Structure formats: C-alpha cells, structure tokens
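Asker: please find the sequence and the predicted model below.
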Amino acid sequence: MTYYFEDFKVGDAWEFGAWSLTREELIAFAREYDPQPIHTDDAAAGRTAFGGVIASGWQTTLKCIRLFVDGLMRETAGLASPGLDELRWLKPVRPGARITARATVTEVGESTSRPDRGRVHFLISGVDESGEPVMTAKGLFFVARRPRRG
C-alpha cells in the first residue's frame, strides 16, 4: 500500500519497534561522528553527572529515523523534506537501554503553490522502557496527492 497526502490525519500514530545499543556500538559511532568524552571515554564520562558513557544524540536520532523510514516513509509517496523544525535530546541513552521509535502526525496542510502535494508534519520520538521520551524531532514532509484515475 502507498500512503498519499489524503491518507494522513492529525493524530495518526505509529510505533515502529525497539532498538538498543551495545557499549561497543555506542562508542564506535561516537568515535567516528561525535567524539566527545561522554560518548567515547569510560573514565571521563564516569566523572560526569552521567556516570558513564551515553549515546550521542545524533545516533539516537538516526536510529529512530531509520525505523520511521522503514516503517512508514518507504510506503509513502514522499517527495522530500526541507528539514527538521526542532530536535531535542531529553534523556541520556545508556548501553543496553531499549528505545522504541514512534511517530505522530501533528499537522497537515495543502500546498498553496503546488497542487500536486501537501505538507505533513510529524513528531518523531524515541521512548524508553518507562515510557519517557529520550528524543523528539519535529519534521515537515512533502507528500504527493493521490493520482487521479481516468
């Protein structure tokens, strides 16, 4: 099934499954993309309020975005996204933490300049085992309208 602009309504929500990171995966990502001591150095991170290494917020975001793409956007007549309006890292993600990726439609609107598409705003989040969000991202996606038949 392909989802078109007309298929999205405010309040639509999806849960895409859960992921977790080993200490080694967390550190390897951070060494390449976000080499701060709180992500790469057990001893240095242990002296912070975190008490040990935590995942980079970028890694947390990308893990959730991947599940969002695999679970919804691959089946959507998406045209592009101009980017995120807001990105928040709310809680540290520790090795072994189980994070569930979710998305909710927060706004839909017709395009005034391009009648072949509409705007769909999503709140994408990662939620820990206690149900608390560890990250949120608000994004806008352009989605094609359903093709007319005949």
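Answerer: Yep, that arrived.
Asker: count of neighbours near Ala28?
Answerer: Neighbour count of Ala28, defined by other C-beta atoms under 10 Å: 14. C-beta: built from backbone N, CA, C; applies to glycine.
Asker: all helices of this protein, in order?
Answerer: Secondary structure of the chain (DSSP state H): helices located at 23-33, 37-40, 42-46, 57-71.
Asker: report the buried residues of the third one.
Answerer: Spelled out, that is helix 42-46. For helix 42-46, a neighbour-count test (16 or more other C-beta atoms under 10 Å) marks Ala45 as buried.
Asker: start at 2, not 1
Answerer: All set: I'll call the first residue 2, so the last point we hit is now helix 43-47.
Asker: now that helix - C-alpha only, PDB.
Answerer: Taking C-alpha atoms only, helix 43-47 is exported to PDB below (Å, rounded to 0.1, in the frame of the first residue of the first chain):
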ATOM      1  CA  ASP A  43      34.500   5.500  30.200                       C
ATOM      2  CA  ALA A  44      36.800   7.200  32.700                       C
ATOM      3  CA  ALA A  45      36.000  10.700  31.600                       C
ATOM      4  CA  ALA A  46      32.300  10.000  31.300                       C
ATOM      5  CA  GLY A  47      32.300   8.400  34.700                       C
END
